[in-house]
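In: Sequence below, structure please.
(2 chains)
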There are 2 protein chains.
Amino acid sequence: VAKLIGVDWGTSNLRAFRYDADGRVLETRRAACGMNAVKDRDFEAALSGIIADWLADAPTRLVLSGMVGAREGWREAPYTPCPADLASLCALMVPVPAKLAEAWIVPGLVAEGAAGARGVMRGEETQIFGAIDQHQAPLVIAPGTHSKWARIAAEAVAEIATFMTGEVFALMKTHSIIARLIDGEAHDEGAFQLGLERARADASLLRVLFTARTEGLFGAVAPQAMCSYLSGLLIGSEVSAGLARNDAAAPILLIASAELAALYNTALEAANAQSVIVMDGETAAARGLWRLATAKGFT
Amino acid sequence: VAKLIGVDWGTSNLRAFRYDADGRVLETRRAACGMNAVKDRDFEAALSGIIADWLADAPTRLVLSGMVGAREGWREAPYTPCPADLASLCALMVPVPAKLAEAWIVPGLVAEGAAGARGVMRGEETQIFGAIDQHQAPLVIAPGTHSKWARIAAEAVAEIATFMTGEVFALMKTHSIIARLIDGEAHDEGAFQLGLERARADASLLRVLFTARTEGLFGAVAPQAMCSYLSGLLIGSEVSAGLARNDAAAPILLIASAELAALYNTALEAANAQSVIVMDGETAAARGLWRLATAKGFT
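Out: Residues are numbered from 1 along each chain as shown, chains lettered A, B, ... in the order given. Reported below is the predicted structural model:
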């Protein structure tokens, strides 16, 4: 059997995992070489620059997930319709004509949503299948620029919702009228909690965002605390809307970095979520790539 | 009695009205000379450059409203607590030490809101008192960068809500991931209506905004129609949340330019508002400034 290397290749970052024969990660490499940073769209050269030595001594297979499979990526992989399990994803994996090794790209997911609105993901599906191998939960949240909420049933992703939380946060703190009311990004727990509370009390984000302006104007939220207040408004808005469509009493699996996990944990608790399990995104991706490779018969 | 001149002086524009003794507008002047464009903060020189000839032949009084009374304006005028009627505003008018004429600035309004969130306005209060002189309505909407919804009771402003609709629209179409899915800003009625419908079906703006990305990705909304779809999502989100706290069967007074009035009219109708009366913002401001001057004993 060829050795396996997994690659989680997103818009901003790349993470490569070298596995032993039992799926343990022997080595991880990280590079700020996301889709947007690949020179001349030469993905093979970019990847080779990071893991060439891993490919030297024996036949190797690569499995890649994330935006590397988007239209603007290395090679477009389809969106698998939900409900989708490991087998559905394997069936739509796309081979990439690469010289450096046999390479396969994991497809994304698409789900029909309320009022005909579709949900999509690329990369998070791999993290999800890595995470639910370790922990049972009917709801997985992968917060970020575009936060993903996935409902899990029968070991398949049944529904996807996306919240533009991280992107709207970045736009507001950089370009909006609130930007000038912000001094620094140090965490302020009181302001963050006040933001969560305001968002719970009013489901209208357009109305709730303006409280940042008035609270700044009247000195009720200090410039040093404003960034946390804004973060509380946005994460609170996401969590309230998300939990309203899910069972808050069931376990929730949170795939996030330590920093985001702390914020979402607080927001979920404040919204009466009963049990939150946290898993690091890198660990989840590494496990998911191994599971997908195994289901495909590569290990 | 001194002649009266009214000035509606906002962040981006200035509009000056010269009245006859009965309050009819004899002449209107418009200048792109908002707060942000006043050279060296010399407000008197800026104003004089626009209406000096109006002041030449007889004693004149000036009444000014809008951001000219903000902290960063000519002279800070307070926020009048709601409920506030014409007399409350008159009591807190602030004289400005000006050489060119006797000048007074109309105060803003502040209202306590749900969950301790304050509502404020500056300039819209003057338009509101101009508009409700002509039309009875328990709800006035002044859409824009920061859309104002005012509940009127006993000829006073009782409550204020603000929606950041116009500002979030501008941020999304300029800086977000959706920006690259937009080709032009021509109005597309079908896409606008679809946006309204999506926003009515889902109260979570963070979730609803992402549909612009998926609809673009799957070609369901063409780049030429995307700007209207986004506009529909945002105006629809505002109107749904606003009407949920008001009586949709009662008349609604809409203070807006023809272009915005058409969009909000459509959105309000789609959300089952029964009767919408439209009044142009300039007309409303001119009438409001005259009413305030009269209540103050200036006419």
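In: So which bits of the stretch 51-200 of chain A are right by chain B?
Out: When proximity is defined as C-beta under 8 Å from any C-beta of the partner chain, the stretch 51-200 of chain A approaches chain B at A:114-115, A:117-120, A:146-147, A:161-165, A:167-168, A:171-172, A:174-177, A:197-198. (Glycine included, C-beta is placed from N, CA and C.)
In: Tell me where the stretch 151-299 of chain A has strands.
Out: Applying DSSP state E, counting those that start in this stretch to the stretch 151-299 of chain A gives strands spanning A:156-163, A:252-255, A:276-279.
In: any idea how far residue A:268 lies from residue A:241?
Out: Distance of residue A:268 to residue A:241, given as C-beta to C-beta, to the nearest Å: 13 Å.
In: Pick the most buried one from the strands of the stretch 151-299 of chain A.
Out: The highest average neighbour count among the strands of the stretch 151-299 of chain A, using mean count of other C-beta atoms under 10 Å in any protein chain shown, belongs to strand A:252-255 at a mean of 25.
In: List the contacts of that one.
Out: Outside strand A:252-255, the residues within contact range by C-beta atoms under 8 Å, 6 or more residues apart in numbering or on different chains are A:124, A:127-128, A:131-132, A:135, A:137, A:139-143, A:261, A:264-265, A:268, A:273, A:275-281, A:284.
In: neighbouring strands for that strand, and are they parallel or not?
Out: strand A:139-142 (parallel), strand A:276-279 (parallel) (DSSP bridges).
In: As CSV, these with mean pLDDT and distance to residue A:54 would be great.
Out: Below are these laid out as CSV (pLDDT from 0 to 100; distance: least, C-beta to C-beta, whole Å):
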stretch, mean pLDDT, distance to residue A:54
strand A:139-142, 98, 27
strand A:276-279, 97, 25
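In: Mind checking those for the one nearest to residue B:41?
Out: strand A:139-142 (48.7 Å; C-beta to C-beta).
In: what about the worst-scoring helix or strand of chain A on mean pLDDT, distance to the chain center?
Out: The least trusted helix or strand in chain A, going by mean pLDDT, DSSP states H and E, turns out to be strand A:118-121, with a mean of 91. Here strand A:118-121 is found 13 Å from its chain centre; the criterion is C-alpha atoms, centre = their mean, to the nearest Å.
In: burial measure for the residue lying closest to residue A:295 once chain neighbours are set aside, as a count.
Out: Leaving aside its sequence neighbours, residue A:295 sits nearest to residue A:86 (C-beta to C-beta, 6 or more residues apart in numbering or on different chains; 4.4 Å). Residues near residue A:86, counting by other C-beta atoms under 10 Å in any protein chain shown, number 19.
In: Surely residue A:86 is in contact with residue A:291?
Out: Yes. Here residue A:86 reaches residue A:291: they are 6.2 Å apart, a contact under C-beta atoms under 8 Å.
In: Which residues are in contact with each of those two?
Out: Shared contacts of residue A:86 and residue A:291, counting by C-beta under 8 Å, 6+ apart, come down to residue A:129.
In: got the residue ranges for the helices in the stretch 51-200 of chain A?
Out: For the stretch 51-200 of chain A, applying DSSP state H, counting those that start in this stretch gives helices covering A:86-91, A:124-131, A:165-175, A:189-201.
In: Burial-wise, tell me which of those helices comes out on top.
Out: Most buried among these, given mean count of other C-beta under 10 Å as the contact rule, is helix A:124-131, at a mean of 29.
In: Report the angle between that one and strand A:156-163.
Out: Put simply, helix A:124-131 runs at 130 degrees to strand A:156-163, going by axes from the mean of the first three to the mean of the last three C-alpha atoms, to 10 degrees.
In: Off-centre distance for helix A:124-131?
Out: Taking C-alpha atoms, centre = their mean, the mean C-alpha location of helix A:124-131 is offset from the chain mean by 9 Å.
In: Mind listing residues that contact it?
Out: Counting by C-beta under 8 Å, 6+ apart, residues outside helix A:124-131 touching it are A:8, A:65-66, A:80, A:84, A:86, A:89, A:106, A:108-109, A:140, A:142, A:148, A:150, A:152, A:157, A:253, A:255, A:279, A:281, A:283-292.
In: show me the biggest helix of chain A in terms of residues.
Out: Counting by DSSP state H, the longest helix found in chain A is helix A:223-244.
In: Name the residue most distant from the centre of chain A?
Out: Distance from the C-alpha centroid of chain A, by C-alpha atoms, centre = their mean, peaks at residue A:218 (36.7 Å).
In: which residues in the stretch 1-150 of chain A form strands?
Out: Remark: strands assigned in the stretch 1-150 of chain A by DSSP E, counting those that start in this stretch are A:3-9, A:14-19, A:25-31, A:60-65, A:79-81, A:94-96, A:102-105, A:108-112, A:118-121, A:139-142, A:147-153.
In: who touches the residue nearest in space to the middle of chain A in this structure?
Out: Centroid check for chain A by C-alpha atoms, centre = their mean gives residue A:142 as the closest residue, at 4.3 Å. Counting by C-beta under 8 Å, 6+ apart, residue A:142 makes contact with A:124, A:127-128, A:148, A:150, A:255-256, A:281.
In: Kindly report the same for residue A:275.
Out: Residues counted as contacts of residue A:275 (C-beta under 8 Å, 6+ apart) are A:250-252.
In: Report the buried residues of stretch A:234-244.
Out: Neighbour-count burial for stretch A:234-244 flags A:234-243 (criterion: 16 or more other C-beta atoms under 10 Å in any protein chain shown).
In: tell me which of those is nearest to chain B?
Out: Lowest distance from chain B to the buried residues of stretch A:234-244 (C-beta to the nearest C-beta) belongs to residue A:241, with 3.4 Å.
In: Local confidence estimate at that closest one?
Out: On pLDDT, residue A:241 comes in at 97.
In: quick one: contacts for it?
Out: Here residue A:241 is in contact with A:163, A:203, B:203-204, B:206-207 (criterion: C-beta under 8 Å, 6+ apart).
In: can we see that at 10 Å?
Out: A:149, A:161, A:163, A:199, A:203, A:205, B:202-208 (C-beta atoms under 10 Å, 6 or more residues apart in numbering or on different chains).
In: Can you tell me which of those residues are buried?
Out: Members of the contacts of residue A:241 classed as buried by 16+ other C-beta under 10 Å are A:149, A:161, A:163, A:199, A:203, A:205, B:202-208.
In: can you redo the residues you listed as TSV with pLDDT and distance to residue B:17?
Out: Converted to TSV, those look like this (pLDDT from 0 to 100; distance: C-beta to C-beta, whole Å):
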residue	pLDDT	distance to residue B:17
A:149	97	53
A:161	94	50
A:163	96	46
A:199	96	41
A:203	95	40
A:205	98	37
B:202	94	43
B:203	95	41
B:204	96	43
B:205	98	37
B:206	97	42
B:207	95	45
B:208	95	40
